[in-house]
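In: Compute the structure for the input listed below.
(2 chains)
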Amino acid sequence: MRFLLVEDNMDLAQAVMDCLALDGHAIDHARDLASAQDCINAAPYDLILLDIMLPDGDGRDFLARHRRNANSTPVIVLTARSEVSDRVGLLDLGADDYITKPFDFTELEARCRAVLRRQGGVADNVRSFGGAELDSLAGAIRAGGESHPLRNRELRLLEVFFTSPGQIFSKSHLMDRLFSFSDDVSENAIEVYIGRLRRKLEGSGARIETVRGLGYRLVEAT
Amino acid sequence: MKRRSYRTSIRRRLLLQLFTMAALLSLAFFLVVRAVAERAAADTQDNILLASATSIADAIYSEQGAVAVDLPYSALSMLGSISEDRVFYRVLIGEETLTGYDDLPLPSPAQGEFETFMFRGEEVRSATVTRTVSSGGSKERATVIVAQTRLGLAAISQRISGMAAVVGFGFLLVATALSLVAAQSALAPLNRMTQSVARRGPDDLRPVDTQTPSELVPLVDALNSFMARLKASLTQSEEFIAEAAHRVRTPLATVRAQAQMTLRRSEKPENKASLRAMIRAVDESSRSAGQLLDHAMVSLRTDQLQDEVFDLVELTQDTVAHLRPTADLKDIAISVELYVETLPIRGDEILMQNALRNVLDNAIKYSPEDSDITVRITEEPRISFVDQGRGFSADDLGDITKRFSRGANVGDIVGSGLGLTIADEVMRAHGGTLEIAPNEEGRGSCVSLVYPRD
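Out: Numbering: from 1, shown residues only, chains lettered A, B, ... in the order given. Model (predicted):
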C-alpha cells in the first residue's frame, strides 16, 4: 500500500514512516500542504495521514479541497488540538477517522487497517502463502478447504507473518506489534496466540515454525 | 440565573406619579368648582334679599305726619322664586317696629348689609337697608330687614358639589387610563430591546441593532461593547486552549513515537523496560494534559451551552465506531443494543460527544482482554455502558465523579481521573445525570448517561 504522510515535524514523521514500513507499506512524506498537493497530483495513494497545523496552512482546508475535487482517497487526520472542538468538524469535512497526538503506533496501525478495510476492494486484502489464504477484510483464514474466523489479534499476527514469509520475528517484536501500551502482558501471551494459529493453519501448506532462541517464522509445510 | 426582585420598576413608578398627579388635579377641580358654585349661589341670594329690602324701603311713605308702608307684592314674591324657603321681614321706624316679625333681631353695626344668624331654629341670611324718611318736619330713620332660610341654597350647593365630584372622578379615570397607555408606550423601546437580547442564542454575541430612542443609546452602546469584549475573551480562551493542547501534545507525540520505534528495534530487556517506563510517563502526562484541556473546554462551553437538535443514537454509534479500533486492540467486542431508532434531543452535540467518548474510553481502559462491552440505548433517553471490568467499589461510587478522583482499584492503568468528571459535568449542564452502578451480571460496572425527558 502507498501512503502519504503530511506532517511538518521531521522526527515524528520519521518514526511514523519507520513504523508503517514494518507493515510493508510505502510511505511518501510531505512537509507542507504545497508539497502534499504535488504528491497527490503525481501519484495515486491508498491512504493519506494528515496533520492539521502545517507551516503553510490549515490541514482542514486541504481536506475540504481534497473532497471538493471528488478525490476519494481515505484520510486519517492527526490532531494535536483539543478533541472537544475538533471531532465533529473533522468528520463533517470528510475525514475518515482521526487520531489524537500522541498516539500509540499499534493504534495508528489499527486505525489505518480499519479505514482501508472499510474502503474495501483493495487487492492486498487477500494474501496467500503455501496454499493458505488470509482474508483481512473478512477476518478469516482459509486453509485446506476450510475457513476459520480470526479474532483481531490473531489476524494481526498472521498479517505480520504473511507480509514477510520466511522472516524470523522475535517474541518481543511480535509483542510490540500486537499489544498497545495500556496492555500489561507477559511474553508468554504470544505463545498462546501462536498455538491457536497453528491449529487454524492445520491442513494447509503453511505453518509457523519455532526457531529456537530467536523466534518464529512462517514457512511452507513440508 | 437568580431572579432579582423588581423593587424599582420604572413602569410602576411612572404610573404612581401620573396617578397621584391626576388625583390631586381632580381634587382641586372638585374643590374649586364647589367653592365657586356656593359663592355664586350665595351672591344671588344676597342680591335678591337686597333688592327685596330696597323695594320695601322704597315703599315707605309719610302721610299726615305718620310713617306707613305698603308692602309691595313683588318684594316677597321675588324671594319665593328661589325655592320654598321661608321669608321673614321687619320694618322699623326709629326703634319701633312698623310691621313684620318684631323678634327678628337688628343687625349688629359691625356686620354690614348682610348677616347670617340663627332664627327660630333655622339658619337665615338677612339683608338690611336703612332710609331716612321725613314726616311732619322731623326726620325719622327707617330700617328694613329681610331674612330668608338657606335650605334652597344648601340643596343647590349639594347638587353642584355632586356634579363636580362625578366630573372629577371621571377625569381621574380617564387620566389613569391615559397614564397606563403613556407608561406602556414610554417603556416600549426598552421592552423591544430586552426581547431582542433575550431571544438570542447563548453564543449570539452580535451587537444589538434594534431601533432605540436617544435616551437608550448609551445603554445599548455599553451593552454592545460589553458583548464585544466577552466575545473576544471567549474566542481567546478557546484559541488558547487549542493552542495549549497543540503545544503540549506535539513534542510528546515526537518523544513517544521515537521511544516506541526504538523499543521495537531494541532487543535488550533492560532497554525495553526503561523505554516502556518512558512511554508510560509520556502517556500519563499527555492524558492528564489532554483531559485538563478538555475539561477547560467543557467548562467554557457549558457556560454558553449550544442549543441544537441532534440524534443521540447516531452520535453514540459514531463514537462507538471511532473507539472500536482501540477496543479491537484488546480483543474487546463492543455491541450496540438499540431499543429506539432515533433519539432527537436538544443540547450541545460536541459536549455530548465528549461525554460519550470519555465514558466509553474509560470502559475500554478498565476492561480486561477478550471481554465484552455493551452499549444500550433506550427510549428514556438513557445510554448505558455495561462492561466486565474491575468495576467500582461501593466506597468509590460517591465521589468517583469528583475532579481527579479515581477508583481504589485502578492499579497501574494510566489515567487522570477526569473522564467521568467531564461526563458528569456535561450531563448536569444538560439537566441530566450520570449514574454509576455495579453490573447486574456480577463483575464489572454499568455507567449510564440519563438525559432529561422533555
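In: Write out the residues of the stretch 101-250 of chain B neighbouring chain A.
Out: For the stretch 101-250 of chain B, the residues in contact with chain A (CB under 8 Å from any CB of the partner chain) are B:E238, B:I241, B:A242, B:A245, B:H246, B:R249, B:T250. In this view, the C-beta of every residue, glycine as well, is placed from N, C-alpha and C.
In: possible to save those as TSV with neighbour count, secondary structure and distance to B:I436?
Out: Shown next, in TSV, are those (neighbours: other CB atoms under 10 Å in any protein chain shown; DSSP: H, G, I helix; E, B strand; the rest coil; distance: CB to CB, whole Å):
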residue	neighbour count	secondary structure	distance to B:I436
B:E238	17	helix	30
B:I241	21	helix	28
B:A242	21	helix	31
B:A245	28	helix	28
B:H246	17	helix	33
B:R249	23	helix	29
B:T250	18	helix	35
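In: The residue nearest the centre of chain A sits in which helix or strand?
Out: Nearest residue to the geometric centre of chain A (CA atoms, centre = their mean): A:E109, 3.5 Å. Element membership for A:E109 (DSSP states H and E) is helix A:105-119.
In: follow-up on the earlier one: sort out which one of the residues of the stretch 101-250 of chain B next to chain A lies nearest B:E425 for me.
Out: Distance to B:E425, by CB to CB, is smallest for B:I241 among those, at 15.5 Å.
In: doesn't B:H295 make contact with the closest one?
Out: No: using CB atoms under 8 Å, B:I241 makes no contact with B:H295, being 9.9 Å away.
In: Do you have the helices of chain A handy? List them.
Out: Using DSSP state H, the helices of chain A run over residues A:10-22, A:33-42, A:59-68, A:83-93, A:105-119, A:152-163, A:171-178, A:188-201.
In: Pick the most buried one from those.
Out: Highest mean neighbour count among the helices of chain A (mean count of other CB atoms under 10 Å in any protein chain shown): helix A:152-163, with a mean of 21.
In: Please see if that one touches chain B.
Out: Yes: counting by CB under 8 Å from any CB, chain B is contacted by helix A:152-163 at A:N152, A:R153.
In: Where does pLDDT dip in chain A?
Out: A:82-91, A:120-124, A:180-185 (pLDDT under 70).
In: rewinding a little: distance to B:V67 for the helices of chain A - can I get that in CSV?
Out: What follows is the helices of chain A, written out as CSV (distance: least, CB to CB, whole Å):
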stretch, distance to B:V67
helix A:10-22, 144
helix A:33-42, 137
helix A:59-68, 130
helix A:83-93, 123
helix A:105-119, 142
helix A:152-163, 149
helix A:171-178, 154
helix A:188-201, 156
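In: Can you name the next helix or strand after the biggest strand by length in chain B?
Out: Secondary structure of chain B per DSSP state E: the longest strand is strand B:122-135. Where DSSP H and E defines the elements, the next helix or strand beyond strand B:122-135 is strand B:138-149.
In: in stretch B:363-371, what's buried?
Out: For stretch B:363-371, a neighbour-count test (16 or more other CB atoms under 10 Å in any protein chain shown) marks B:A363, B:I364, B:K365, B:Y366, B:S367, B:S371 as buried.
In: buried set for stretch B:177-194?
Out: Of the residues in stretch B:177-194, B:S179, B:A183, B:L190, B:M193 count as buried by neighbour count, 16+ other CB under 10 Å.
In: Now, the residues you listed that are in helices?
Out: Checking the buried residues of stretch B:177-194 against DSSP H, those in helices are B:S179, B:A183, B:L190, B:M193.
In: Which one of those residues is nearest to chain A?
Out: Among those, B:M193 lies closest to chain A (CB to the nearest CB), at 32.4 Å.
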